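Engineer: Next comes the sequence, and after it the predicted model I'd like to discuss.
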Number of protein chains: 2
Amino acid sequence: MGSLDTNPTGLQLQEGAIDGADDVFRPLDSDDVRFYLHKAVDFVADYLQSVESLPVLPDVEPGFLRRLLSQAPPASSAPFDVAIKELRVAVVPGMTHWASPNFFAYFPATNSAAAIAGDLVASAMNTVGFTWQAAPAATELEALALDWLAQLLRLPPAFMSTRGRGDRGGGGVILGTTSEAMLVTLVAARDAALRRTGRGGVSDLPRLAVYATDQTHSAFFKVCRLAGLDPANVRIIRTGAETEYALDAAKLRRRMQADVDAGLVPTYVCATVGTTSTNAVDPIGAIAIVARKFGAWIHVDAAYAGSAFICPEFRHHLDGVERVDSISISPHKWLLTCLDCTCLWVRDTHRLTDSLETNPKYLKNDASDSGAVTDLKDMQVGVGHHFRGLKLWMVMRTYGASKLQQHIRSDVAMARTFEDCVRADERLEVVVPRNFALVCFRVRPRGGMTEEDADEASRELMARLNRSGKAFLAHTVVGGRFVLRFAVGSTLQEERHIRGAWELIKKTTGEVLHGQA
Amino acid sequence: MGSLDTNPTGLQLQEGAIDGADDVFRPLDSDDVRFYLHKAVDFVADYLQSVESLPVLPDVEPGFLRRLLSQAPPASSAPFDVAIKELRVAVVPGMTHWASPNFFAYFPATNSAAAIAGDLVASAMNTVGFTWQAAPAATELEALALDWLAQLLRLPPAFMSTRGRGDRGGGGVILGTTSEAMLVTLVAARDAALRRTGRGGVSDLPRLAVYATDQTHSAFFKVCRLAGLDPANVRIIRTGAETEYALDAAKLRRRMQADVDAGLVPTYVCATVGTTSTNAVDPIGAIAIVARKFGAWIHVDAAYAGSAFICPEFRHHLDGVERVDSISISPHKWLLTCLDCTCLWVRDTHRLTDSLETNPKYLKNDASDSGAVTDLKDMQVGVGHHFRGLKLWMVMRTYGASKLQQHIRSDVAMARTFEDCVRADERLEVVVPRNFALVCFRVRPRGGMTEEDADEASRELMARLNRSGKAFLAHTVVGGRFVLRFAVGSTLQEERHIRGAWELIKKTTGEVLHGQA
């Protein structure tokens, strides 16, 4: 880390220029734009080429960065190289490298040259697409990208935006996170339920009930709090190994009926296709049939696994999607599109805009008034809307369906390879059947080991792997047991990384189990 | 537009490659990364150099893009040049050019080479900073950038994150939009009020009252709906010319007292420094004194004008900020940092995290458990968190305080120039005093003209200006009258663009008023 370690502020004092008050400041000077950005491109290309050799999880303590960089903002300007240098010596060594091929934690944040290029163009154009008028091409390219992806996923035509003027048709929006997709649909469902209850207004809020499982993403429960729902009416239906941790539609029906009998109003069901813990797949067709009877909105969270459904062989997991009200998928997880990119499709955009529309005077314009366009501000939490459709369109335009399918299949094949390795090792066990590219495993309780011993050994195994810097895995708890999650798919990953990680896991398991390797 | 017009899909069929199933697909291949990104850099540099010559507001009809691009996603991959070509011939001509120096609408989305470079690096690294462990350097660089900006703005130390372990101290987070900043603080205030009411739970929601003015951004009213507040309890306090459309603290006090007398609970005040319509400045010190007496949370929305307070001569507009609970400022508006970048500072981060914390098993880790770090997921709506701190840090690191101040002052000086031109023309009037870089003006009702005639002439003036392609202005309604907003500050703007726009306005005013030029 060189001089930064010993003299964190020295760099700035030495290299900061003295600004003349008379110099004209042109922050988008075209020479600077070319110089800074070509430099930045070389930096990221070098970074991506070298990231494999860096420890995935850094050995840093909270507060480390303050000791390396100046506590105070610089008074004067500095050559762009200074920022790049500090990035290299202070920031990079303290990063958890999501781009590393040795990253197996959480879900991968996949990425591609086309996506980064698209995002770069969007950053430079810097449009704010709150209304169609404010950004016609950005608004329409986003709609087109969503329709393209819907076609790749074989979503029902009801979710496409190719509708006639004034139709109460479907469509979508690209949001920042799955949480936002859940929030806007939950609020639409909440308001519709409040209108149905007759009395209207928020006084009936305590009567609304919503449904999820013990495997549903924590984001959903937070979103329920944000929307003002009574936590006591958020039904967390228990799952178990008998359904591979998927929601049992019969349990849902009984719970909804009991709520109706108690005077509550079933309002919203959050079904998950590919849960975060274990990639469980809720049976959305069966769930939708139940939920519709009770008038509840059905949302499908397919944040991670959704991207897989561009391959026909995985598409059956979406059977029944023609009966749901909305679905969200995050290409920033598994479709090679950098953050932020969560696609939300709804069957009836008016159900969203009824709750989310705002019409301030300063945004009134002929296109909006004509009803021929949907203004994206009316389908999201915020007003400002970044040009996120560009990177998603760039990815599909450049790679096409076949390369994208190849990408999904390659990840699944690598996960299968890893799964086979685990299954062939009697010291370990695969905890749930693998559905996509996530393998959940743990130390098998053998000989005199209790389940608790196996938990402890699994925990120790993960800690040692992560400390090694050669792999980063996260864990979960399944059926009360500590489980390691091996999530394949970081974009630079090749089979040799899977093999390398497996060798490391084998060796470390032996060390943890005291020479049983 | 060449062949795209006549054969939109031809391009794809001609230039799409046939993918061999055996080719290994490497979406982050380093040669591709360099090739695509250097191409994209040249594209954006050319775009920024030529954008001045493009019509600011395009002459397109809803649906135009579908007629230019393929309706179906490509099956095969295509050279990256194809996407760039379609971007150039189909997308760019349909854009509202926020980057144009002839853009005077809304508020400018200012930008800089350093910010775009920072965003590019963030897109490539693609970290997901939900917890400190998942992104130590990104989490800490964001905190540092917020502390730097807080110092430039002379925010009270209570808003800084340089607190000891376990302190209930202040700090911040970078969010996507002001709406999100309002939502998370409103929910924190709501939950605190519900706890105070004693009974707890959402059944008391209908008793909570919140306060804003008729000039508060529409985002606030949407956020109140999202959080489940009773619309009947959202107090919209009327403003007028006598306070230059700012909130009268005495009116606020009377309204709050009346609500308390009626059994309601004053919960949240949204004060604005630099309203969207006219840049009115609510007196936040006086408001805070009133609101504190009633136990309400005081949030300051300084989305646009906030950036100006890095200059001492404007800082007095923030007097009293030491008494508020939270403040949000969007550097993506006026501090040369591309979207999305809304900075939220709070006096007590625990008041946010109490409402927004989630602790799923798969995110548990030692750093979070130690209490030594704040996990950014607990200060926002979503879980995923993009590395937004990098671009903001890059801007301050590269340009330093003096260049950033120069940027603000230059915009304000240009706005003053424009204001002087309007004031010197008896056919027009400046409607409210200019506070920052926004000038609100309209046709003056003279001779036999009624106020309605002046409204109509102003509306026609704006329509003709915008149709010319040489300028884009938005409007608002002030005191019931139609008003044009001339927002100076698009980053490429120089004094010659202000002079050019003024010449166009003079000429067009003459045409609208039938030869009275």
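Structural biologist: Cool, got the structure.
Engineer: For the rest of this, base every contact and every neighbour count on C-alpha atoms.
Structural biologist: Will do.
Engineer: avg pLDDT for stretch A:503-516?
Structural biologist: If you average the pLDDT over stretch A:503-516, you get 90.
Engineer: Just the C-alpha atoms of it, please, in PDB.
Structural biologist: The C-alpha trace of stretch A:503-516 is given here as PDB (Å, rounded to 0.1, in the frame of the first residue of the first chain):
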ATOM      1  CA  GLU A 503     -10.200 -29.200  -3.800                       C
ATOM      2  CA  LEU A 504     -10.000 -26.400  -1.200                       C
ATOM      3  CA  ILE A 505     -13.200 -27.600   0.400                       C
ATOM      4  CA  LYS A 506     -12.100 -31.200   0.500                       C
ATOM      5  CA  LYS A 507      -8.800 -30.300   2.100                       C
ATOM      6  CA  THR A 508     -10.300 -27.900   4.600                       C
ATOM      7  CA  THR A 509     -13.000 -30.400   5.500                       C
ATOM      8  CA  GLY A 510     -10.300 -32.800   6.300                       C
ATOM      9  CA  GLU A 511      -8.600 -30.300   8.500                       C
ATOM     10  CA  VAL A 512     -11.800 -29.400  10.300                       C
ATOM     11  CA  LEU A 513     -12.600 -33.000  10.900                       C
ATOM     12  CA  HIS A 514      -9.000 -33.600  12.300                       C
ATOM     13  CA  GLY A 515      -7.300 -35.600   9.700                       C
ATOM     14  CA  GLN A 516     -10.300 -37.400   8.300                       C
END
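Engineer: May I see the buried residues of it?
Structural biologist: Buried residues in stretch A:503-516, defined by neighbour count with 16 or more other C-alpha atoms under 10 Å in any protein chain shown: A:504-506, A:508-509, A:512-513.
Engineer: Can you name every helix or strand that whichever helix in chain A runs longest contacts?
Structural biologist: Across chain A, the helix with the greatest residue count (assigned by DSSP state H) is helix A:389-423. Packing contacts for helix A:389-423, counted by 3 or more C-alpha pairs under 8 Å, 6 or more residues apart in numbering or on different chains; DSSP states H and E, involve helix A:113-125, helix A:136-152, strand A:428-430, strand A:438-443, helix A:495-512, helix B:80-86.
Engineer: Next, the angle from it to helix A:495-512.
Structural biologist: Between the direction of helix A:389-423 and that of helix A:495-512, the angle (axes from the mean of the first three to the mean of the last three C-alpha atoms, to 10 degrees) works out to 50 degrees.
Engineer: just to revisit the earlier point, mind putting the buried residues of stretch A:503-516 in CSV, distance to B:T197 included?
Structural biologist: Conversion of the buried residues of stretch A:503-516 to CSV gives the following (distance: C-alpha to C-alpha, whole Å):
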residue, distance to B:T197
A:L504, 56
A:I505, 54
A:K506, 57
A:T508, 55
A:T509, 54
A:V512, 53
A:L513, 55
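Engineer: got any ranges where the stretch 401-517 of chain A has weak pLDDT?
Structural biologist: Applying pLDDT under 70 to the stretch 401-517 of chain A flags residues A:515-517.
Engineer: try 90
Structural biologist: A:514-517 (pLDDT under 90).
Engineer: now do the stretch 1-150 of chain A
Structural biologist: Scanning the stretch 1-150 of chain A for pLDDT under 90 picks out A:1-23.
Engineer: where exactly do the helices run in it?
Structural biologist: Along the stretch 1-150 of chain A, counting by DSSP state H, counting those that start in this stretch, helices occupy A:3-6, A:10-15, A:30-50, A:80-86, A:113-125, A:136-152.
Engineer: Identify, out of the ones you listed, the most deeply packed stretch.
Structural biologist: Comparing these by mean neighbour count (mean count of other C-alpha atoms under 10 Å in any protein chain shown), helix A:113-125 comes out on top with a mean of 28.
Engineer: how far out from the middle of the chain is the longest helix of chain A?
Structural biologist: A distance of 16 Å separates the C-alpha centroid of helix A:389-423 from that of its chain, computed with C-alpha atoms, centre = their mean, to the nearest Å.
Engineer: swap in stretch A:24-34?
Structural biologist: 35 Å.
Engineer: now swap in stretch A:79-87 and tell me
Structural biologist: Here the centre of stretch A:79-87 is set off from its chain's centre by 30 Å, with C-alpha atoms, centre = their mean.
Engineer: For chain B, tell me whether it is touching it.
Structural biologist: Yes: shown here: stretch A:79-87 in contact with chain B (C-alpha under 8 Å from any C-alpha of the partner chain) through A:79-80, A:82-83.
Engineer: what's the answer for stretch A:274-282, then?
Structural biologist: Yes: contact of stretch A:274-282 with chain B (C-alpha under 8 Å from any C-alpha) involves A:S277.
Engineer: Name the residues that touch stretch A:447-465?
Structural biologist: With C-alpha atoms under 8 Å, 6 or more residues apart in numbering or on different chains as the contact definition, stretch A:447-465 has outside contacts at A:442-445, A:471-475, A:481-484, A:504-505, A:508-509, A:512-513.
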